[in-house]
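In: Below is the structure, and that's it, no one-letter string:
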């Protein structure tokens, strides 16, 4: 796989009340996405709570997802870690499990220079034979991939795309300006910017909201690809109420609670990121009910 097109669901990892991965729920959630027409699965990213799992748990979950998808759509596995050494280990395991591509987040917690970021991605890419997608989410990691650095990384044969979750549309535009749209995929990691990224020449989006409304998210790309930009914008605009709810707590916790309100059985987020207030829970549930009544699915 050298190119991604469409909407990939950034699937949550279901846990039970003892914080153990629930295989039946994970497989069911993957099937739910496929049946909704999603174009790919992105597992063990931010929404998948990779940061709260051991390497062994991540490997187990990756194999479950890859097995359940069974080649129906591309599977991208989040394989990042704080150090290059650990990232290579996780990446090699995910590649061996059959991932179609790997998402590699920037190093986090410790500040990294652009040279260090470039060296990190080059070393990881050299360690595997599958495509690597650079994952830029500076609000969570403290380290941003500068457009000039991405331009250099795009020259590496198996670094084939970038997921930008900075929330800064100008960053996406600069990434597009500095890379070849025919051979390098610029993907929005922010649900609210998916359509605008497509209009600008990007490849699609990786969506956390697909955990809640997979059909609606898939339709943004399908309608855009069919030339109906107005209908695509209606679908894009329809997720604003639930997006506004993300400010009520840890966004991953909000997404899980909203999906659970739809009966999807994803369980809680891992502690300590699992304590939404009663007011926040009520607001999320109210929003989901209103969204479903408006036809979101």
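Out: Done, it's in. Given the structure is predicted, the values throughout are model-derived calculations rather than measurements. Residues are numbered from 1 along each chain as shown.
In: residue ranges with poor pLDDT in the stretch 151-297 of the chain?
Out: Applying pLDDT under 70 to the stretch 151-297 of the chain flags no residue at all.
In: and the closest residue to residue 45 other than its chain neighbours, what does it touch?
Out: Distances taken as CB to CB, 6 or more residues apart in numbering put residue 78 closest to residue 45, at 4.0 Å, once the chain neighbours are dropped. In this view, the C-beta of every residue, glycine as well, is placed from N, C-alpha and C. Contacts of residue 78 were listed using CB atoms under 8 Å, 6 or more residues apart in numbering, and they are 42-46, 48, 50, 102-103, 105, 135.
In: Check those and tell me the two furthest apart.
Out: Across these, the longest distance by CB to CB is 14.9 Å; it joins 46 and 102.
In: Neighbour count for these two, which is higher?
Out: The neighbour comparison of residue 46 against residue 102 (other CB atoms under 10 Å) goes to residue 102, with 27 against 24.
In: What residues are bridge-paired with the more buried one?
Out: residue 77, residue 132 (DSSP bridges).
In: mind starting the numbering at 35 from now?
Out: New numbering, starting at 35: the last item is residue 136.
In: list the contacts for it?
Out: Neighbours of residue 136 in contact, by CB under 8 Å, 6+ apart: 110-113, 125, 128-129, 158, 162, 164-167.
In: I'd like the distance between the residue nearest to residue 79 and residue 78.
Out: In this view, residue 112 and residue 78 are 4 Å apart by CB to CB, to the nearest Å.
In: Could you do residue 214 as well?
Out: 28 Å.
In: Those two: which has the busier surroundings?
Out: Neighbours per residue, other CB under 10 Å: of residue 214 and residue 78, the larger number sits with residue 78, 29 against 9.
In: Roughly how far does the more buried one sit from residue 172?
Out: 20 Å.
In: just the helices in the stretch 185-331 of the chain please.
Out: Under the criterion DSSP state H, counting those that start in this stretch, helices of the stretch 185-331 of the chain are mapped to 203-212, 228-234, 248-259, 263-272, 274-279, 285-295, 312-328.
In: And the contacts of the first one?
Out: The contact list for helix 203-212 (CB under 8 Å, 6+ apart) reads 170, 178, 181-182, 184-185, 188, 196, 198, 220, 222, 227, 230-231, 234-236.
In: in it, what counts as buried?
Out: 203, 205-210, 212 (16 or more other CB atoms under 10 Å).
In: What of the fourth one?
Out: By neighbour count with 16+ other CB under 10 Å, helix 263-272 contains the buried residues 266-267, 269-270, 272.
In: could you dump the contacts of residue 136 to a markdown table with distance to residue 94 and pLDDT?
Out: Formatted as a markdown table, these follow (distance: CB to CB, whole Å; pLDDT from 0 to 100):
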| residue | distance to residue 94 | pLDDT |
| --- | --- | --- |
| 110 | 17 | 98 |
| 111 | 12 | 98 |
| 112 | 14 | 97 |
| 113 | 14 | 96 |
| 125 | 16 | 96 |
| 128 | 11 | 96 |
| 129 | 16 | 96 |
| 158 | 21 | 98 |
| 162 | 19 | 97 |
| 164 | 19 | 96 |
| 165 | 23 | 97 |
| 166 | 22 | 97 |
| 167 | 22 | 97 |
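In: got a winner among the residues you listed for most neighbours?
Out: residue 113 (34 neighbours).
In: Please determine how far the residue lying closest to that residue once chain neighbours are set aside is located from residue 115.
Out: What sits nearest to residue 113 in space, not counting adjacent residues and going by CB to CB, 6+ apart, is residue 125, at 4.1 Å. Remark: distance between residue 125 and residue 115 (CB to CB) = 9 Å.
In: for residue 79, same thing?
Out: 13 Å.
In: Equivalent analysis for residue 281, please.
Out: 28 Å.
In: Same drill for the two, tell me which one is more crowded.
Out: residue 115 (22 against 9).
In: isn't that one right next to residue 127, touching?
Out: No. With contact defined as CB atoms under 8 Å, residue 115 does not count as touching residue 127 (11.4 Å).
In: And residue 128, which helix or strand is it part of?
Out: helix 118-131 (DSSP states H and E).
In: For that helix, name the packing helices and strands.
Out: Judged by 3 or more CB pairs under 8 Å, 6 or more residues apart in numbering; DSSP states H and E, helix 118-131 is in contact with helix 89-103, strand 135-139, helix 148-161.
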